[in-house]
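Enquirer: Quick one, what's the 3D model for this:
(3 chains)
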Amino acid sequence: MKGDLNRSRRNLTSGFAYLLCLLSTAIALIPLGLILVYVIVQGAPALNLDFLTQLPKPVGETGGGMGNAIVGSLMLIGIAAAIGLPIGVLAGTYLAEFRSPRLSWTVRLLADILSGVPSIIIGVFVYTLLVLTMKRFSALAGGVALAVLMLPTVARTTEEMLRMVPDTLREASLALGISRWRTIVSIVIKTAGGGIMTGIMLALARIAGETAPLLFTALNSRTWPTGLDKPVASLPVQIYTYAIAPYADWHQQAWAGSLVLVLMVLLLSVGSKLYFGRKMRSVR
Amino acid sequence: MAGCITTKNLSATFGDIRAIEGISIEITANKVTALIGPSGCGKSTFLRCINRMHELVPGARTSGEIIWDGRDIYAPEVDATEVRRGIGMVFQRPNPFPLMSIADNVSAGLRLAGMRKNKAGIDEAVERSLKLAALWDEVKNKLDKPGGSLSGGQQQRLCIARALAVEPDIILMDEPCSALDPASTQKIEDTMDQLKDNYTIVIVTHNMQQAARVSDFTGFLLTRETGEPGRLIEYGPTSKIFTMPDHKETENYITGRFG
Amino acid sequence: MSSINNLRDKFRDASRPARGRLGDTLFTVIAFLAAATIILIITLLVYQLFEGALPSIRAFGADFLSSSEWDPVKDIYGARVFIYGTIVSSLLALLMAVPLSLGIAIYLSQFAPRWLRSPLGFIVELLAAIPSVVYGLWGIFVLAPFLGQTIEPFFADHLGGIPIFAGPVYGVGLFAAAVVLAIMILPTISAISRESMLNVSSDQKEAAQALGATPWETVRMSVLPLARPGIIGAIILGLGRALGETMAVTMIIGNRPEISASIFAPAYTIASVIANEFAEVTAGLHMAALVELALILLVITLLLNLLARLLVQRTGSGALKRKRS
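Expert: Have a look, this model is predicted:
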């Protein structure tokens, strides 16, 4: 009888713990839902063709848009990708395909550590490295900052995906008299392509939303981008600028900008997830 | 005649572990040579020394000589990829390239090993190789389907076709039928019979009946004690090895009285 | 047959192997350089920040850490206020995020129906995909007013006697920043904890179940102890993220360089002051002081990350070994 009581008390505890865990998960979903709802409800009314294609209007005038910031963001992401992707994929390839234990261990650890460095510090770093030496804020500096941010993610994902490619494929290729580098590029990387693409898309999603490292590298601009060596507007920085300004009209625009940004980022994240799922099935 | 391999005092190690030692053998061109022996006797390692695949394992080394048509393939000026182009290999498990079509699998070596060929030349090579591997009739209408969509036996013949496409002199087969059903095994053995007119074939097998069926010469490898490297015990015409071997150990093995 | 022989001769063309070798060497060198870039970046990063901070380090020495004065007009700089704001906001965030994250990790790795685990995990991780600046925007216009009108007055009215809950309440401030930080680090902590819980082998769990343990007892007795290094690593990584988080915090912490006892008061963090002041400064001691702040934050996050990676790696490899044997 006493054992039964004990048992039911233990079951009760277990049920209670289960409920708490369920509740935690539910609570985590509330802010996600709330943020999405607010961004849509507040942002959608201000989202129109003008917003996507026009330059910002001066203070006091209503209307205008974030066209230059959208183009600027794409430009910055493009620069970052042009620098960060080749280096990242090659670094990951080195980690996976060339087994030199000590160097690989160091690079792997440093890549992990680099991915944990706050993005604002990367901004300060690129400022001292490029902005001070070039004596100007520039799109290039902003792009380099974003490239540094995406580098460790791309390198590590590439490495992990290449490791999933079975050695039998490498052997099959080498046994045909295909050289090592051709084997890596045309067989191994190609086979792991889906997974690497996913990593790249996630890395792009991350840098698309970055604000802090752009504040004093790419700075901001109220005109269309004019060159790599000129300051350039970007969606996140523009949202920030508008959000902390005291004008209701700008707040509205900040919400609309957020809607565009969130859509971009979610599209990349969710898209990569679906793409990866399909690719992996086709490999197996 | 192209395609003869002579090894002189060949030894191979993985780090501190000696896998094979002191193997000297003359492999005759345009014949099928079978290597038999209990598992762990180093017959696969020996095979992988012949096309310089052994050295891909970190810490793996070889010593001694392997002469292919008069040249030492381990000479410093010889490039391993060149050796592998002339000495093809078929592995234990079929390993077609998963994202490539059947045709692309077959032509992979031609396209990626730096052989410039026009489209027609590649198509012609694909057809010829698939016919040689006795797979053409089964796949000619679905050449653009992925290689992985074939059955296991078909995949293995696809891998044979892939190896043939780069026109090697010699084909090494590392237990090519161990993952296959009897019907597929039969097909591959038939293929080997066709191929030996133009190619030298070296096959490693754990299946003595298969060795007896397909080969002209047979080598028997054995590890005498645990931790010892594998050595070549006996080598000669298959009919002799299987009927009146010179060594007691060979006789014990082929009559199943081993160990 | 002659055409085949021609082909074979072509293969043995002496220039081919040389080209193959050259390609291999070239590719190895390029890949090596790419990998070395990562080492170079970290080295340059530490060097640049140290050099940039030197004037400030020379001018203030250790006082930089203990002084609360930050006065660009008098050109005197001390980091204490910002260090305080950074650490307190992050610790408050951990206080909220850790229990929730562990609950999520346990639910997603042990309790949830199998078909639900992967999609639900993905949705929780979407929280990490939302840009920081959007959290900030939402924080200013939705969360901070909400906290300022409901939760904060409630605590201030009923527990105002305790200094940490004392008013006045503004909405924006340490507490609001901590709540947003908690939401932002939740996916990090829960995802990595969940990984280490999944790495606990089923043998270990079955051993507990065979003794008649309830589901919760199984978690407590076998899953949590074995996953502990990974969970601690996850928490440290979350802390690292919170310490360096910039935009959302800058937008809602109030940016007032003061140390107050109350968690409802405005405060200031290292990352925020860099974000606010860096673009306007061009040189001099002010810039050096800001770079020194960045250096302090860098050193803290580097150490935390190193520690966390080692811990997470330990559970990861331990679990791998168990699986293999």
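
Enquirer: going forward, measure contacts and count neighbours with C-alpha atoms only.
Expert: Fine.

Enquirer: check contacts around residue A:227.
Expert: The contact partners of residue A:227, by C-alpha atoms under 8 Å, 6 or more residues apart in numbering or on different chains, come to residue A:139.

Enquirer: tell me the secondary structure for it?
Expert: Following DSSP: H, G, I helix; E, B strand; the rest coil, residue A:227 is assigned to coil.

Enquirer: and the spatially most central residue of chain A, what element?
Expert: Geometric centre of chain A, nearest residue: residue A:206, 1.5 Å, by C-alpha atoms, centre = their mean. For residue A:206, the enclosing helix or strand under DSSP states H and E is helix A:193-208.

Enquirer: Now that helix: buried residues?
Expert: By neighbour count on 16 or more other C-alpha atoms under 10 Å in any protein chain shown, the buried set for helix A:193-208 is A:193-208.

Enquirer: sorry, back to before: identify the residue spatially nearest to the residue nearest to the centre of chain A, adjacent ones excluded.
Expert: Spatial nearest neighbour of residue A:206, excluding adjacent residues (C-alpha to C-alpha, 6 or more residues apart in numbering or on different chains): residue C:129 at 6.7 Å.

Enquirer: neighbours around the one you found, how many?
Expert: Applying other C-alpha atoms under 10 Å in any protein chain shown, we find 21 residues neighbouring residue C:129.

Enquirer: about what we covered before: the buried residues of helix A:193-208: which two are farthest apart?
Expert: The widest separation within the buried residues of helix A:193-208, taken as C-alpha to C-alpha, falls between A:193 and A:208 and amounts to 22.0 Å.

Enquirer: Next up, the contacts around whatever residue of the stretch 1-150 of chain A ends up closest to chain B.
Expert: Chain B sits closest to residue A:99 of the stretch 1-150 of chain A, with a gap of 8.4 Å, by C-alpha to the nearest C-alpha. With contact set as C-alpha under 8 Å, 6+ apart, residue A:99 has no partners.

Enquirer: again, 10 Å this time
Expert: By C-alpha atoms under 10 Å, 6 or more residues apart in numbering or on different chains, the contact set of residue A:99 is A:105, B:58.

Enquirer: So for residue C:16, what's the pLDDT?
Expert: For residue C:16, the pLDDT comes out at 42.

Enquirer: try residue A:272
Expert: On pLDDT, residue A:272 comes in at 82.

Enquirer: can you map out the helices along the stretch 151-259 of chain B?
Expert: Assigned by DSSP state H, counting those that start in this stretch, the stretch 151-259 of chain B shows helices spanning B:152-165, B:182-195, B:208-214, B:238-243, B:248-254.

Enquirer: just these: most buried one?
Expert: helix B:152-165 (a mean of 27; mean count of other C-alpha atoms under 10 Å in any protein chain shown).

Enquirer: Of the helices of the stretch 151-259 of chain B, which is nearest chain C?
Expert: Nearest to chain C among the helices of the stretch 151-259 of chain B is helix B:152-165 (10.9 Å), distances taken as C-alpha to the nearest C-alpha.

Enquirer: other SSEs contacting the closest one?
Expert: Counting contacts by 3 or more C-alpha pairs under 10 Å, 6 or more residues apart in numbering or on different chains; DSSP states H and E, helix B:152-165 is packed against helix A:167-175, helix B:80-86, strand B:87-90, helix B:102-112, helix B:119-132, helix B:136-139, strand B:170-174, helix B:182-195.

Enquirer: Nearest to chain C, out of those?
Expert: Within these, the stretch nearest chain C is helix B:80-86; the backing value is 6.1 Å (C-alpha to the nearest C-alpha).

Enquirer: tell me which strands and helices that closest one is in contact with?
Expert: Contacts defined by 3+ C-alpha pairs under 10 Å, 6+ apart place helix B:80-86 against helix A:167-175, helix B:152-165, strand B:170-174, helix C:2-11, helix C:15-60.

Enquirer: and the residue of the stretch 1-150 of chain A closest to chain B, helix, strand or coil?
Expert: coil.

Enquirer: the helices in the stretch 101-250 of chain A, which residues?
Expert: Going by DSSP H, counting those that start in this stretch, the stretch 101-250 of chain A shows helices at A:101-116, A:119-126, A:132-134, A:139-163, A:167-175, A:180-182, A:190-191, A:193-208, A:235-243, A:248-283.

Enquirer: Quick check: buried residues in the first one?
Expert: By neighbour count, and taking 16+ other C-alpha under 10 Å as the criterion, the buried residues in helix A:101-116 are A:103, A:104, A:107, A:108, A:109, A:110, A:111, A:112, A:113, A:114, A:115, A:116.
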